[in-house]
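Undergrad: okay, sequence plus prediction incoming.
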Amino acid sequence: MKQVIKTLAAAVTLGSALMAAPSMAGGISDDKVRIGVLADMGGPYGDLCGRNCVAAVEMAVEDFGGKVLGKKIDVLSADDQNKPDFGSAKAREWLESEGVDAINGLVASSVVGAVSQVTRSNEKPTLISGAGSNTFTTKTCSPFNAHWSYDVVALANGTVKPLVDSGKKKWFFITADYSFGHALEKVATGVIESNGGKVVGAARAPLGTNDYSSFVLQAMSSGADVVALANAGKDFVNSLKGAVEFGLSEQATLAGLLVFASDTKAIDPSIIGNMRLTTGFYWDRDDQSREWAKRFVDRTGAVPTMAHAGAYSSTMHYLNAVKEAGTDEGKAVMSKMKELKPNDFFARNATLRSDGRMVHDMYQVRVKTDSERKNDHDLYEIEKVIPGDQAFGAQLPECDFK
Amino acid sequence: MTSSASVHNIRNLGIALILVGLVAPLVVYPVFLMKFLCFALFACAFNLMLGFVGMLSFGHAAFLSTGGYVTGYLMTQVGLSTELGVLAGTIVAGVLGFIFGKLSVKREGIYFAMVTLALAQLVFFFYLQAPFTGGEDGMQPIPRGELFGLIDMKDNFNMYYFVLAVFVIGFSIIYRTIHSPFGQVLKAIRENEPRAVSLGYNVRDYKLMAFVISATLAGMAGATKALVFELESLTDAHWHMSGEVVLMTLLGGMGTIFGPVVGAAIVVAITTIFSGGQMGNYIHIIMGVIFVICVLSFRRGVVGEFNHFMQKNFTASGLGK
């Protein structure tokens, strides 16, 4: 029993010492700005964001000088395994016990949905660089969301509408069975139907499916003009390869609704060549983007995706806002971020709307065929620039957070 | 070497642990502790069956998730107070346990494990498709509610002490069960089932009862866990979770009272430590290696080996058999 009392006393002393430590008074909390990068590091979305999103955020911090308002900037990272429970538990731990001031990365929409609840109650900026669901700025909008790279509305407007207009009216979806896929399918269906098209069916495949044959066979028997792949990352790669192997590409047009540059690079040009798709960023657009991409490739060896570029751009904008606001307090930084105009190699004609949607130019691109490609990273030809206000959806009145 | 000395030891240790539990959140991040307590209760509930009756259920994730989803649904839709929410999830998991038990206790060994696994997979796919669970997105946000309609559980410290109380209640039920005449019969079944039958015990009813208690407490752990994280997801229903609880129990020491608690602590600590940074990718490999080492070199688990060591060298009773 004596031992127990001793342990108790030690624990209480240590505990009270720890409790007394943090103090909040304007400026930078606990003398450090910490940015946590939460992403799928090794799973189906590992290539499109993952470790290289961490690298992109670190690049931004280095380019910013490593310090803001004289205080050091730290970058933390963790693997969310695309599981909402893992992601939200990690985010909670970061915000509540490790003094993290903002979270970046954020790929799987299911994880982002859970994390943004946590960041909202802790009042910390949430820089969504990888995820696509439009619910973060509509149904579950929060004053602390900054949805950066793209969303499903922009994808549907950019990729689906031109196809329907060209006379391809009957659509079939192979959809990733979680919030992102559902949101994309719903928004795309809206675009198809309002332009006179029809959805003849949909197959829902779980995240991380390897064998798409049963889904492809359903699509083949549907008689659709277009089979839309409403998935991403390795799921997109696997489903597209499966569809081509079964000869689906000969009877219908295959449309990738969300394609990252890393996916395009992973697929043989004979399969994906000439596909038209929508992206928020392509490295070979102008000198500024090429200069950044060269540094990124030197560092990571990977082709930069719109998620990587978005992670850099959002981090830069966040740090600028911290500097201007003179504090890392969540509310003040968010309102500063919405006041300042993001402007860098990624964000063109950009503004962060009060609902948290970062509106910027999107690009309709055509995938180059094998003979057109000059090197490994020479993937796209930009066919059209879609101005932000045409690409993204209108703001909802209930999501107006100043 | 008397059993009263053993009981005495365990009581003292129990009281000491509760005291440590009371001050722990001052030192360690409360959510981490709550996660540990939930998994410890889950593993203890599982151990009641595996360690004391010798039934390997491979479907306990179904009870963990049922507790979580039912509590989550009622807290979100009906707005129950915290304790009623947990109670509801616990009871429904118990009812599910009764159904599972009825269907599975007729079989033994690997067949029993397969039947429970199959039933749990049915439950998994139900939760995957049922609209109220949110599928892959999980059910979120689940409000923690107010304890007795008075105490706000949003505060991590309040929530922690509630979870600690739930754990102590659950643990006491298990302790009491094991040390009752009923528990003696369970152990008799584990040691020699035909003999227990020949002595006139209705073995199936005893097994069913143990199954229901175990499922109920697993549901209690799941209900509490859902409130701690304000989220319930398919991870809890997946068969990986059923496997993880086996791992916790074996690592800590199957058939010992504190074994599953130690096992849960090891597993939760490892997953938390390695989930960040570069090691995150290797977490399954690390767990696998630990499991292999455990099976090869200390089959009794941490607490089991400790007890064995104590018995061999000091003929003391160790931490409860």
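TA: In hand now; what should we look at? Residues are numbered from 1 along each chain as shown, chains lettered A, B, ... in the order given.
Undergrad: grab the nearest non-local neighbour of the residue of the stretch 101-250 of chain A found nearest chain B.
TA: Here the residue of the stretch 101-250 of chain A nearest chain B is residue A:178; by C-beta to the nearest C-beta that distance is 3.4 Å. Every C-beta, even on glycine, is put in place using the N, C-alpha and C of the backbone. Excluding its sequence neighbours, the residue lying closest to residue A:178 (C-beta to C-beta, 6 or more residues apart in numbering or on different chains) is residue B:136, at 3.4 Å.
Undergrad: residue ranges of the helices in the stretch 51-200 of chain B, please?
TA: Counting by DSSP state H, counting those that start in this stretch, the stretch 51-200 of chain B has helices at residues B:61-77, B:82-104, B:109-129, B:156-178, B:181-191, B:193-198.
Undergrad: what does the stretch 1-150 of chain B put close to chain A?
TA: Within the stretch 1-150 of chain B, the residues that sit near chain A (C-beta under 8 Å from any C-beta of the partner chain) are B:12, B:15-16, B:19-20, B:23-27, B:29, B:31-32, B:35, B:135-138, B:140-141.
Undergrad: mind checking which of those residues are buried?
TA: Using 16 or more other C-beta atoms under 10 Å in any protein chain shown as the burial test, these include B:16, B:19, B:23-27, B:29, B:31-32, B:35, B:135-138, B:140-141 as buried.
Undergrad: okay, buried residues for the helix or strand containing residue B:304 please.
TA: According to DSSP states H and E, residue B:304 maps onto helix B:301-314. Buried residues in helix B:301-314, defined by neighbour count with 16+ other C-beta under 10 Å: B:301, B:302, B:303, B:304, B:305, B:306, B:307.
Undergrad: any chance of CSV for the residues you listed, columns distance to chain A and pLDDT?
TA: Output for the buried residues of helix B:301-314, formatted as CSV (distance: C-beta to the nearest C-beta, whole Å; pLDDT from 0 to 100):
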residue, distance to chain A, pLDDT
B:301, 24, 88
B:302, 20, 88
B:303, 19, 89
B:304, 24, 88
B:305, 23, 87
B:306, 17, 88
B:307, 20, 86
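Undergrad: isn't the residue nearest to residue A:178 right up against residue A:113?
TA: No - contact between residue B:136 and residue A:113 fails when scored by C-beta atoms under 8 Å: they sit 10.4 Å apart.
Undergrad: helix, strand or coil for the residue most central in space within chain A?
TA: Central residue of chain A (C-alpha atoms, centre = their mean): residue A:130, 1.3 Å from the mean position. The three-state label given to residue A:130 by DSSP: H, G, I helix; E, B strand; the rest coil is coil.
Undergrad: ok so, going back, and the residue of the stretch 101-250 of chain A closest to chain B, how many neighbours does it have?
TA: Applying other C-beta atoms under 10 Å in any protein chain shown, we find 26 residues neighbouring residue A:178.
Undergrad: can you check residue B:56 too?
TA: 17.
Undergrad: quick one: residues contacting it.
TA: Counting by C-beta atoms under 8 Å, 6 or more residues apart in numbering or on different chains, residue B:56 makes contact with B:49, B:50, B:109, B:112, B:113, B:246.
Undergrad: tell me the one of these nearest residue A:203?
TA: Comparing the contacts of residue B:56 against residue A:203 with C-beta to C-beta places residue B:113 closest, at 33.0 Å.
Undergrad: surely residue B:214 is in contact with residue B:48?
TA: Yes - counting by C-beta under 8 Å, residue B:48 is a contact partner of residue B:214 at 4.8 Å.
Undergrad: rewinding a little: now the residue of the stretch 101-250 of chain A closest to chain B: how far from residue A:44?
TA: 12 Å (C-beta to C-beta, to the nearest Å).
Undergrad: can you list residues touching both of those two?
TA: residue A:207.
Undergrad: closest point of chain B to chain A, which residue?
TA: Closest to chain A within chain B is residue B:26: 2.5 Å, counting by C-beta to the nearest C-beta.
Undergrad: element containing that residue, please.
TA: Short version, using DSSP H and E: residue B:26 is in helix B:3-27.
Undergrad: between that helix and helix B:156-178, how many degrees?
TA: Here the directions of helix B:3-27 and helix B:156-178 differ by 170 degrees (axes from the mean of the first three to the mean of the last three C-alpha atoms, to 10 degrees).
Undergrad: packing partners for helix B:3-27?
TA: Applying 3 or more C-beta pairs under 8 Å, 6 or more residues apart in numbering or on different chains; DSSP states H and E, one finds that helix B:3-27 contacts helix A:2-20, helix B:30-50, helix B:156-178.
Undergrad: run through the stretch 151-300 of chain B and note the low-pLDDT ranges.
TA: B:276-281 (pLDDT under 70).
Undergrad: now do chain A
TA: Scanning chain A with the threshold set as pLDDT under 70 gives A:1-26.
Undergrad: okay, now the domains of it?
TA: As assigned by automatic domain parsing, chain A contains the domains A:31-150+A:285-360, A:153-279+A:363-390.
Undergrad: name the nearest residue to residue A:236, ignoring sequence neighbours.
TA: Nearest residue to residue A:236, sequence neighbours excluded (C-beta to C-beta, 6+ apart): residue A:263, at 5.3 Å.
Undergrad: right, I'll leave it there.
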